[in-house]
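J.: Sharing a model prediction with you, sequence too.
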Amino acid sequence: MKQTLPPLITEAAALSVAGAGRHRYEMGPALIGAGADATVVIVESGDRPGVSGVQDSTKVLLHGDMVPALHPRFDFRAAVPIHLFARLDRGCLPLGTALCRGRSSAPADFNHAALELDQPLSREILNAARPVPAPGPVPGVEWVNHVETDPIRALESFVLGWFPAEETESAGDESAAGELGDLPEALAAFRRLARLRPAIHRFHDPVLRQPTRAGGPLGDRLIFAVWNGAGMDWSIPWPPQGPGDADPSVWLTEDPCAEAPETILEKEPLSRFLLQFTLYEGMNAAPYHARTSCMETQRLEPLWSMLRPVPLSPFLPTYEADKFFVAPGLLATVSSDENEAVVTFAALHRGTLTPLLEHGFHWFCFDG
């Protein structure tokens, strides 16, 4: 049965849902009516990840100037319901009621709120409130051709294509590197790339701007990346012992502050590990994501015609053992065994994810 949008109503009609004694407020682009019967929120339609507006089928964000008077209206157990609408060209589209899942703690600081709809939006309503823009140009996947023969070149091509150019950083922070001697070429290349694409130094779990020396069960080492607030770190043997260390092995140390930390040898040498790490963190940092629920591995068959495998060993094998795949404008990981699989996607453009709906997967989350 063909779905239809609910009838659009005027702004005045939407605000009237608030009831008697209504006051009108603005928070960024959102219009808010606070009355005796309800709090009405009218957001602008559009694709605005992370800022005010509809984020997905269940989440709406508000952000703008501080409005202390509205603080009690957005309590999780507010006395009156919150009604949401999206402003379209010809009127306001009802989205339903919502609960507030997050807000500023102090009334004087109230300038944002995270709202969760009581009923998820249908695909048709979501597309009207948050239209899917055309993807436009997307990064290619030619860099995969170099992974096995020249992983540093593959890393450079991926980073320059995937991450946008910004005002470049100066080389002033490189001075301390001389104190360590010559870094391996892969690590030096990463540092050069970071000056061209500073985003790769803003990962949640970063490659360190300044590697640090430390000891460990296997000997002296140079820590170049940390994980989960330094709950784990990655390092290479240091100082290098000779020409054979041009592309050194990588050690993963779990709980480095413990009396007897566990150190595991990564399967990939530094040059290929840095590509693994950047792919993984690049996925986490992407603005759009999708993740399937656990499903039968055979359901993946339709994906193999569109996804190209990246010839690297599974990342974090003691955890999810993710294998990387790519398509133009799309990164993916697959965690699977013979029977079950989970697939995670990341994209720079929402429209790159939308065609995945055709596969009929059950989605744990879907930003497209």
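T.: Sure, I can see it. What you see is a predicted model; the values in this text were computed from it and never measured.
J.: and stretch 133-142, how far apart are its ends?
T.: 25 Å (C-alpha to C-alpha, to the nearest Å).
J.: in that stretch, what's buried?
T.: For stretch 133-142, the neighbour count (16 or more other C-beta atoms under 10 Å) marks 135, 138-139, 141 as buried. The C-beta positions use only the backbone N, C-alpha and C, and glycine is treated the same way.
J.: Max pairwise distance over those: which two?
T.: The most widely separated members of the buried residues of stretch 133-142, counting by C-beta to C-beta, are P135 and V141 (14.7 Å).
J.: now the helices for the stretch 151-300 of the chain?
T.: All helices of the stretch 151-300 of the chain, identified by DSSP state H, counting those that start in this stretch, fall at 151-162, 177-180, 185-196, 270-285.
J.: Quick check: which of the buried residues of stretch 133-142 has the minimum pLDDT.
T.: Minimum pLDDT across the buried residues of stretch 133-142 is recorded for P135, with 79.
J.: What does P184 show for phi and psi?
T.: P184 has phi and psi values of phi -60, psi 150 when expressed as degrees, to the nearest 10.
J.: Need the CA coordinates for stretch 33-53. CSV is fine.
T.: In CSV, the C-alpha atoms belonging to stretch 33-53 read as follows (Å, rounded to 0.1, in the frame of the first residue of the first chain):
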residue,chain,number,x,y,z
GLY,A,33,5.7,27.3,21.6
ALA,A,34,5.2,26.7,25.3
GLY,A,35,1.6,26.6,26.6
ALA,A,36,-0.6,25.0,29.2
ASP,A,37,-1.2,21.8,27.2
ALA,A,38,2.1,21.0,25.4
THR,A,39,5.5,22.2,24.2
VAL,A,40,5.5,22.5,20.4
VAL,A,41,8.8,22.4,18.5
ILE,A,42,9.0,23.3,14.8
VAL,A,43,12.3,22.5,13.2
GLU,A,44,13.5,23.4,9.7
SER,A,45,13.6,20.5,7.3
GLY,A,46,17.0,19.6,5.8
ASP,A,47,20.0,17.5,6.2
ARG,A,48,22.0,18.8,9.1
PRO,A,49,24.0,16.1,10.9
GLY,A,50,24.9,17.0,14.4
VAL,A,51,23.1,20.3,14.5
SER,A,52,19.4,21.4,14.9
GLY,A,53,16.9,19.4,13.0
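J.: and that stretch, average pLDDT?
T.: 93.
J.: Would you agree C92 falls within a helix?
T.: No: assessed with DSSP: H, G, I helix; E, B strand; the rest coil, C92 is strand; it does not lie in a helix.
J.: Can you check the distance spanned by stretch 256-267, start to finish?
T.: 20 Å.
J.: And the average pLDDT for the helix or strand harbouring A128 is what?
T.: Using DSSP states H and E, A128 sits within helix 123-129. For helix 123-129, the mean pLDDT works out to 93.
J.: and P120, which of the three is it?
T.: Classified using three-state DSSP, P120 is coil.
J.: Quick check, it in contact with S57.
T.: Yes: using C-beta atoms under 8 Å, P120 is in contact with S57, at 4.2 Å.
J.: Compare these two and say which is more crowded by neighbours.
T.: When neighbours are counted by other C-beta atoms under 10 Å, P120 and S57 differ, and S57 comes out ahead with 19 against 14.
J.: if you skip the residues just before and after it, what's nearest to D255?
T.: Excluding its sequence neighbours, the residue lying closest to D255 (C-beta to C-beta, 6 or more residues apart in numbering) is P261, at 5.4 Å.
J.: ok, the one you found touching E254?
T.: Yes: using C-beta under 8 Å, P261 is in contact with E254, at 6.3 Å.
J.: buried sites along the helix holding A128?
T.: Under the neighbour-count criterion of 16+ other C-beta under 10 Å, helix 123-129 has 125-126, 128-129 buried.
J.: cool, and stretch 288-305?
T.: By 16+ other C-beta under 10 Å, the buried positions in stretch 288-305 come out as 288-292, 299-300, 303.
J.: Same question for stretch 150-163.
T.: The neighbour-count check on stretch 150-163 (16+ other C-beta under 10 Å) flags 151-152, 154-159, 162-163 as buried.
J.: Nearest to M232, out of these: which one, please.
T.: Checking those against M232 by C-beta to C-beta gives L155 as the nearest, at 21.4 Å.
J.: Does that closest one touch A188 like I think?
T.: No: taking contacts as C-beta under 8 Å, L155 lies outside contact range of A188: 11.8 Å.
J.: that older thread, which of the buried residues of stretch 288-305 fall in strands?
T.: 288-292 (DSSP state E).
J.: would you turn those residues into JSON lines with pLDDT?
T.: Shown next, in JSON lines, are these (pLDDT from 0 to 100):
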{"residue": "Y288", "pLDDT": "91"}
{"residue": "H289", "pLDDT": "94"}
{"residue": "A290", "pLDDT": "95"}
{"residue": "R291", "pLDDT": "95"}
{"residue": "T292", "pLDDT": "95"}
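J.: so F324 sits in a helix?
T.: No: in this structure, F324 is strand, not part of a helix, as judged by three-state DSSP.
J.: before we move on, back to that, what's the farthest-apart pair in the buried residues of helix 123-129?
T.: The span of the buried residues of helix 123-129, defined through C-beta to C-beta, is set by L126 and A128 at 7.3 Å.
J.: ok, back up a step: the helices of the stretch 151-300 of the chain: lowest mean pLDDT?
T.: With a mean of 49, helix 177-180 has the lowest mean pLDDT of the helices of the stretch 151-300 of the chain.
J.: Thanks a lot, see you next time.
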